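>>> return a 3D structure for these sequence lines:
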Amino acid sequence: MNDRAQAGTDLTVDAWCNSREASSSRDGPVRIDPEGTEYPIQDYAPLGDGRSVVLVGPDGAVAWWCVPEMDSPPLFDRLLEPENGGYFQVRPDGPFTMERRYRTDSNVLETVFTTATGTARVTESLNSSRAGRLPWCELARRLEGVSGTVTFRIRAVFGTRGDTLSPWLQPTPNGCVFHVGPVLGVIRFSDNVHVIEEEDRTIAATVTVEEGERAVVALLAGEDEPLGIPTIAEIDGRIDISDDAWRLWAEGLGYDGPHRSEVRRSGLALKLLLYSPSGAIAAAATSSLPERIGGPKNYDYRYAWIRDAGYTVNAFLRIGAMPEAKAAFSWLIARLHEHGAQVFYTLRGGKVPEETSLDLAGYRGSRPVRVGNAAARQHQHGIYGDIFETATLFVADGNILDQKSATVLADLADECADRWRQKDAGIWELEVPQHYTMSKISAWQALARAVELAEAGHIAATCVPRWSRERDRIQAWIEEHCWSEARQAYTFYPGTDRLDASLILAVRFGFDGRERLSSTLDAICGELGRGPLLYRYSGAEREEGAFIACSFWLVEALAELGRQDEAEAIFAGTLRAAARGVGVMSEMVDPETGDHLGNTPQGLSHLALLHAACTLRGDRERDLKAAR
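Predicted structure coming up:
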């Protein structure tokens, strides 16, 4: 990497990453404090079933699980209420070390615990069946003795949703049922597990496993509905059934390049965020994890952004996951027809609720803890470009637009032609509306793709002359108002010398002016870069961590501009800096500590990795030619 991208430091990308790894690497056995409650965000491993996502900490505690859906209130919330929140823990009794990983090409997690008396393996899955997603939530945890003996403590403490309700137990002939508001469920144990406490908010048990011995613990839950109770043998068997299903899906991914393992892990992470009842893509599975520890930028990301849906469709198309791409695109078009071009929607397709704050301590004291998202009331021009790029790549892959979808898109192009002159909130959802340069480029992108779709016969061509004229006006406006001779870069918005890392995407979008775009990348790296990592915009370093997706966008842009060596170096450096823990990424990284920040797993981070890896493989030029 040349020194233009050194971000004011004399460290190379490799040296920068090595310096971070020296203090933050967690390879090999890790000693865990049995009484600890808070861990770095990257140390929480997600499990999913196409409807909800569990986060498991390195201490064996489920610290976050919204039941029955990702955007439901949490059943376990210790992630945001460390002292008094709910959790479901399976851990050795006494001090221990642990090593864990996902099974190959799977979202089934294996953890090996080592104690003074022996070693045991815990295999965990949010189960599905051979026919697909179960009609209830089923978290299964298999405990197996590997050597010696290990005694496990099992404890479930149900959350109170910020002291807004009180959990209670109901003994029945078919088991002891827990109730948390409208959620009900049971905890099932194999016969060798001994229950030692059943109190309204707490269920506790213990089990000792010897070499070759097995125990199973499972939590089954639903909301305001009858609950089926399978046998322990059925639950145990579904761990392997779920593993097989994940492997079969991963084997169908089309990428065969040098970063196969990273691409498959990112594809599997995105699959966790695909809400199967509707086809929506959640931006992340959590709410209120901070962009800076102790700071106020803690948002609820358990909703489906148009931007993320569009990027997901594109990424799934590039790796051959057609059913998921079609489901996400159909969901997107249906929402546009139903509600118009909103920034994002609920996972079921409704409008996002007003933002409120909960009286919780927050992750490492980071408040407020939010439910809902105020950005739902914003307007962003970027949604136009995202939608039309998605439609273009969808048909370029050999697929077909129906008449209703074609009408929705043509109407949207008319709306974009009318609105592009207005200020908006920009891709970063900022509170102060501006004529953000990237928003104008997105509007240009939308109209350019609309013209191409119409000329190819995919949508009505009635307004092509108007779209073409407005497309050219936008480009002229950008060149006149947004280029800075002093910075030799496109700036954040007219009249400022601040920079915006999202302008990297202009290369992917095919915006004209490759020399200016290349120069803009240099300016962005020089000011916003920290080794391979990038902050989102000028001044962001005072408020948040480096945005992981920006680094992968940079990789893609450099490769498309022919700067392959730089692209490869930044890709490798970003992987070392961001793909830590079990390989699942959140939104941001603290460049100083290497710890992750923001909500997790973050779809945009994994989407950007997929695009970057495919571009490095050399297929982007082919994709663009096919699309245009």
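
>>> alpha carbons only for contacts and neighbour counts from here, please
OK.

>>> and the gap between residue 535 and residue 424?
21 Å (C-alpha to C-alpha, to the nearest Å).

>>> those two: which is more packed in?
The residue with more neighbours, out of residue 535 and residue 424, is residue 535; 29 against 23, by other C-alpha atoms under 10 Å.

>>> the more buried one: what's it in contact with?
Residues in contact with residue 535 (C-alpha atoms under 8 Å, 6 or more residues apart in numbering) are 501, 528, 529, 541, 545, 546, 547, 550.

>>> list the buried residues in stretch 485-499.
488, 489, 490, 491, 492, 493, 494, 497, 498, 499 (16 or more other C-alpha atoms under 10 Å).

>>> thinking again about what came up before, so which of the contacts of residue 535 belong to strands?
529, 546, 547 (DSSP state E).

>>> the residue lying closest to the last one once chain neighbours are set aside bridge partners, please.
In space, residue 547 comes closest to residue 588 once its chain neighbours are excluded; the distance is 4.5 Å by C-alpha to C-alpha, 6 or more residues apart in numbering. Residue 588 forms beta bridges with residue 547, residue 597, as assigned by DSSP bridges.

>>> count of residues packed around residue 588?
30.

>>> I'd assumed residue 605 was in a strand, is it?
No - counting by DSSP: H, G, I helix; E, B strand; the rest coil, residue 605 is located in no strand; its state is helix.

>>> please tell me how far the closest residue to it other than its chain neighbours sits from residue 579.
Distance criterion C-alpha to C-alpha, 6+ apart; nearest residue to residue 605, sequence neighbours excluded, is residue 549 at 4.6 Å. The spacing between residue 549 and residue 579, counted by C-alpha to C-alpha, is 12 Å.

>>> what do you get for residue 128?
Per C-alpha to C-alpha, residue 128 is found 27 Å from residue 579.

>>> on that earlier part again, more neighbours, residue 549 and residue 579?
A direct count of neighbours by other C-alpha under 10 Å for residue 549 and residue 579 places residue 549 higher, at 29 against 21.

>>> just checking, that one touches residue 609?
Yes - if you go by C-alpha atoms under 8 Å, residue 549 and residue 609 touch, sitting 7.3 Å apart.

>>> give me the pLDDT for residue 16.
Looking at residue 16, its pLDDT stands at 42.

>>> for residue 9, that is, sorry about that
28.

>>> look up how far residue 458 lies from the nearest residue to residue 300 once chain neighbours are set aside.
Counting by C-alpha to C-alpha, 6+ apart, residue 300 lies nearest to residue 287, which is 4.0 Å off, once chain neighbours are set aside. Distance of residue 287 to residue 458, computed by C-alpha to C-alpha: 39 Å.

>>> tell me how far residue 290 lies from residue 545.
9 Å.

>>> intersection of neighbour lists for these two?
With C-alpha under 8 Å, 6+ apart, residue 290 and residue 545 have common neighbours residue 597.

>>> still on that earlier bit, what does the pLDDT read for the residue nearest to residue 605?
Reading off the model, residue 549 has pLDDT 98.

>>> and if you look at residue 163?
pLDDT at residue 163 comes out at 89.

>>> need the phi and psi values for it.
phi 60, psi 30 (degrees, to the nearest 10).

>>> what's the burial count for it?
Neighbours of residue 163 (other C-alpha under 10 Å): 12.

>>> residue ranges in the stretch 351-500 of the chain under the pLDDT threshold?
Within the stretch 351-500 of the chain, no stretch has pLDDT under 70.

>>> I meant the chain, not that one.
1-27, 34, 619-628.

>>> redo that, cut-off 90
1-38, 83, 130-133, 161-163, 256, 512-514, 579-580, 617-628 (pLDDT under 90).

>>> give the residue farthest from the middle of it.
residue 173 (41.5 Å; C-alpha atoms, centre = their mean).

>>> burial count for residue 562?
Residue 562: 11 neighbours (other C-alpha under 10 Å).

>>> thinking again about what came up before, who's in contact with the residue nearest to residue 300?
298, 299, 300, 301, 302, 369, 370, 371, 599.

>>> residue 482 now?
Applying C-alpha under 8 Å, 6+ apart, the residues near residue 482 are 437, 490, 491, 492, 493, 494, 495.

>>> in a markdown table: the residues you listed, plus distance to residue 192.
As requested, the contacts of residue 482 are exported to a markdown table (distance: C-alpha to C-alpha, whole Å):
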| residue | distance to residue 192 |
| --- | --- |
| 437 | 64 |
| 490 | 66 |
| 491 | 65 |
| 492 | 63 |
| 493 | 65 |
| 494 | 69 |
| 495 | 71 |
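
>>> which residues in the stretch 251-400 of the chain form helices?
For the stretch 251-400 of the chain, applying DSSP state H, counting those that start in this stretch gives helices covering 260-273, 306-318, 322-339, 382-396.

>>> chain center to the longest one: distance?
From the chain centre to the centre of helix 322-339 is a distance of 18 Å (C-alpha atoms, centre = their mean, to the nearest Å).

>>> repeat that for the first one.
In this view, helix 260-273 has its centroid 10 Å away from the chain centroid, taken as C-alpha atoms, centre = their mean.

>>> by contact count, what packs against that helix?
Where contact means 3 or more C-alpha pairs under 8 Å, 6 or more residues apart in numbering; DSSP states H and E, helix 260-273 is packed against helix 232-251, helix 603-617.

>>> cool, the last one as well?
Contacting helix 382-396 under the criterion 3+ C-alpha pairs under 8 Å, 6+ apart are the following elements: helix 306-318, helix 403-419, helix 437-455, helix 620-627.
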